[in-house]
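Asks: I'd like to go over a predicted model; first the sequence, then the structure.
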Amino acid sequence: MSATKDIRQQFADTMLDVGQQDPQLVVVVGDISHFKLQPFAEACPGRFYNIGILEPTMVTMSAGLARVGFFPVVHTIAPFLIERSFEQLKLDFGYQALPGNIVTVGSAFDYANLGCTHHCYDDFALVKSIPGAQITFPASAPEFDALFRQAYRNEALTIYRIPATPHGYEVAPGEIRFGQAIRVAEGHDLTLVVTGPQLRAALEARSILLERGWMAEVLYIHTVRPLDRESIRHSVAKTRRVLVIEEHQKTGGLGMDVLEEVHPLEGLQFHSLHLPDRFVRDYRSYQEHCAAVDLDTAGIVRAVETHFSPASALATHAP
Amino acid sequence: MTATCTTDLNRDLRRLIVEMVYRGRDGHIPSAFSILDLITYLYDEVLRFDPRNPDWADRDYFILSKGHGCLALYVNLHRHGFLTDEDLLRFCQPGGILGEHPDCTKVPGVEASTGSLGHGFPFAMGIALGLQIKGARNRVLALIGDGESHEGTIWETALVASHRQLGNLCCLVDLNGSAEQILPLGDLRAKWEAFGWEAHEIDGHSLDDMRRVIGGLDFSTHGRPKVVIAHTLKGKGVSMLEGHGPWHHRIPNDQEYATLLQVLGS
């Protein structure tokens, strides 16, 4: 399984494999991915429902499936599941403590030219407000497969935010553990805490920064909640500089969680790259949207050189 | 002779509801009175359950989608052994398990935590779909309000359940006129029939009607889902509570409490 494989295809492939082994898996979609999921539908008759375009009802109905012992997978575009159906997620899964797996596409502004109706960059914030809910952001096919298998029966509401663009970085399957950060690169001058497809930009930026005297450590976060706070604290205690990179709004994002964890560290320097506090209104590609808000290689390098004191000055702060 | 809800039993249950509200200083008395006769009939003559094992696999599922009528459910769960006297005494009290909406995480016999209108019915559909997948024979009955019928999820559920041939699902509509004063529903029976449901109408306070219609429903696993539109009176049983006046969420004062107990034969 390649790290460059289409993650949505991996979703369908994982459903097929897990569904054949587990008769309690039921997949409910809101009129998307039904062609990709046909192998599952044929292999698991009676457990695939292209239910219609009625997301709140789809979510509550799936909670009812969970009530009688199934592990439902609910799938459609992020804003319709997370924003439109938020109360259904909160009450019918969250409060009733029923297991549910919410697999979204349309991460942040993946549906670049479709505009605000199809963007969703507040999902971390919203789901974090549901006690006990879990959030994953698997930005490669192996991650989706591993995280889903580890988490889908764990009796919680779990979100899988599937991006359209994989980061392409190969991680050994054994290293992908739900709730644990992955240290992709070691360093001592700066910690880059990154989630999603931005891992690619973070690694490219690290190479450039290395030539300019910065040895950056890269911590990759595929599980946003529960967050691996220990790995973050351990790294930043060493580097005292942390840049968080995420395709999400500032409020309720990963950056706020990281800051909450590391702010007591003496001499801490913190900065976060996220979506600005305004709607994304322009029509352009995903890559152009990223570049417009500094969520790319150049933006990361610029943020480091703008917001952190030079690497050579670090020695005076380091323990 | 026509059997109606004016039995001693249902009068006693109404009195119990008034006592709970007076003691707990909270509750929706008229909404509970509107559906009390229907719920009492269901628990007496229709639903299969085991209070010693509320999660019994072969039980029928009753979901009170209009959760604010929960006092009618509580008093029936009490008389069938799910709840204790102490549970009722602690209605809306610290440490109690009974609040103003039913909570399945606390209350044995409650299948869904409802209160936000438009959730219980699609939840019931999910249960019915799951039972259909399993080929199980359990029946699923959901009780919604006519005001709740303004919610879009009610009609989304009506559409899906009909398409999926959930013959094990029955929707009971408490048609007490709440919607009529805000946003009239028009010909409700025709609407349900247009969505593909087998529709019936009853007097929701007539035991004969309930036995004749609900008692005769066919709950095949695959088939048309059923709707029973129950014509009811909000506050039924005590004239001062009946209708859509100020009693919707009002707590009786001492004098009103004494009057209510007198009317209800204490």
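Replies: Received the coordinates, thanks. Numbers count the residues shown, from 1 in each chain, chains lettered A, B, ... in the order given.
Asks: tell me the residue of chain B that sits nearest chain A?
Replies: Nearest residue of chain B to chain A: residue B:126, at 1.9 Å (CB to the nearest CB). Placement of C-beta: from N, CA and C, glycine included.
Asks: A strand includes that residue, no?
Replies: No. Applying DSSP: H, G, I helix; E, B strand; the rest coil, one finds residue B:126 to be helix, outside a strand.
Asks: what about the residue nearest to it when sequence neighbours are not counted, helix or strand, and which?
Replies: Closest residue in space to residue B:126, ignoring its immediate chain neighbours: residue A:64 at 1.9 Å, by CB to CB, 6 or more residues apart in numbering or on different chains. Assigned by DSSP states H and E, residue A:64 falls within helix A:55-67.
Asks: show me the contact partners of that helix.
Replies: With CB atoms under 8 Å, 6 or more residues apart in numbering or on different chains as the test, helix A:55-67 has contacts from A:26, A:28, A:30, A:51-52, A:72, A:74, A:76, A:80-81, A:84-85, A:87-89, A:92-93, A:96, A:98-100, A:102, B:111-112, B:118-119, B:122-130, B:152-153, B:156-157, B:160.
Asks: who are the neighbours in contact with the residue in the stretch 151-300 of chain A that chain B sits nearest to?
Replies: Nearest residue of the stretch 151-300 of chain A to chain B: residue A:155, at 13.3 Å (CB to the nearest CB). Residue A:155 makes contact with A:97, A:99, according to CB under 8 Å, 6+ apart.
Asks: how about the strands in the chain?
Replies: In the absence of a named chain, this looks at chain A. Here chain A has its strands, by DSSP state E, at A:25-29, A:48-50, A:71-77, A:100-105, A:134-136, A:157-161, A:182-185, A:190-195, A:216-221, A:223-225, A:241-249, A:269-275.
Asks: wait, I meant chain B there
Replies: Remark: strands assigned in chain B by DSSP E are B:61-64, B:140-145, B:169-175, B:198-203, B:226-231.
Asks: indicate which one of those strands is closest to residue A:216.
Replies: Of all these, it is strand B:61-64 that lies closest to residue A:216, at 54.3 Å by CB to CB.
Asks: other SSEs contacting the closest one?
Replies: Counting contacts by 3 or more CB pairs under 8 Å, 6 or more residues apart in numbering or on different chains; DSSP states H and E, strand B:61-64 packs against helix B:120-134, strand B:140-145.
Asks: could you rerun that using 10 Å?
Replies: Judged by 3 or more CB pairs under 10 Å, 6 or more residues apart in numbering or on different chains; DSSP states H and E, strand B:61-64 is in contact with helix A:55-67, helix B:29-41, helix B:70-79, helix B:120-134, strand B:140-145, strand B:169-175.
Asks: and the lengthiest helix in chain B, how far out from the chain middle?
Replies: As assigned by DSSP state H, the longest helix anywhere in chain B is helix B:8-24. With CA atoms, centre = their mean, to the nearest Å as the basis, helix B:8-24 stands 16 Å off its chain's centre.
Asks: buried set for that helix?
Replies: Under the neighbour-count criterion of 16 or more other CB atoms under 10 Å in any protein chain shown, helix B:8-24 has B:10-11, B:13-24 buried.
Asks: and for the residue nearest to residue B:126, the neighbour number?
Replies: 30 (other CB atoms under 10 Å in any protein chain shown).
Asks: do you know how far it is from residue B:107?
Replies: Using CB to CB, to the nearest Å, residue A:64 is found at 18 Å from residue B:107.
Asks: residues from the stretch 151-266 of chain B in reach of chain A?
Replies: Proximity of the stretch 151-266 of chain B to chain A is confined to B:151-161, B:163-164 under the rule CB under 10 Å from any CB of the partner chain.
Asks: buried ones among those residues?
Replies: Members of these classed as buried by 16+ other CB under 10 Å are B:151, B:153, B:154, B:155, B:156, B:157, B:158, B:159, B:160, B:161, B:164.
Asks: reformat the residues you listed as JSON lines; add distance to residue A:203 and pLDDT.
Replies: Output for those, formatted as JSON lines (distance: CB to CB, whole Å; pLDDT from 0 to 100):
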{"residue": "B:151", "distance to residue A:203": "49", "pLDDT": "97"}
{"residue": "B:153", "distance to residue A:203": "45", "pLDDT": "98"}
{"residue": "B:154", "distance to residue A:203": "51", "pLDDT": "98"}
{"residue": "B:155", "distance to residue A:203": "50", "pLDDT": "98"}
{"residue": "B:156", "distance to residue A:203": "45", "pLDDT": "98"}
{"residue": "B:157", "distance to residue A:203": "48", "pLDDT": "98"}
{"residue": "B:158", "distance to residue A:203": "52", "pLDDT": "98"}
{"residue": "B:159", "distance to residue A:203": "48", "pLDDT": "98"}
{"residue": "B:160", "distance to residue A:203": "46", "pLDDT": "98"}
{"residue": "B:161", "distance to residue A:203": "50", "pLDDT": "98"}
{"residue": "B:164", "distance to residue A:203": "48", "pLDDT": "98"}
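Asks: for those, give me JSON lines that also has distance to residue A:1.
Replies: Shown next, in JSON lines, are those (distance: CB to CB, whole Å):
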{"residue": "B:151", "distance to residue A:1": "43"}
{"residue": "B:153", "distance to residue A:1": "39"}
{"residue": "B:154", "distance to residue A:1": "43"}
{"residue": "B:155", "distance to residue A:1": "43"}
{"residue": "B:156", "distance to residue A:1": "37"}
{"residue": "B:157", "distance to residue A:1": "39"}
{"residue": "B:158", "distance to residue A:1": "43"}
{"residue": "B:159", "distance to residue A:1": "39"}
{"residue": "B:160", "distance to residue A:1": "35"}
{"residue": "B:161", "distance to residue A:1": "39"}
{"residue": "B:164", "distance to residue A:1": "35"}
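Asks: mind listing what the residue of chain B closest to chain A touches?
Replies: Contact analysis of residue B:126 by CB atoms under 10 Å, 6 or more residues apart in numbering or on different chains lists A:26, A:28, A:57-68, A:70, A:72, A:92, A:98, B:112, B:140, B:157, B:160.
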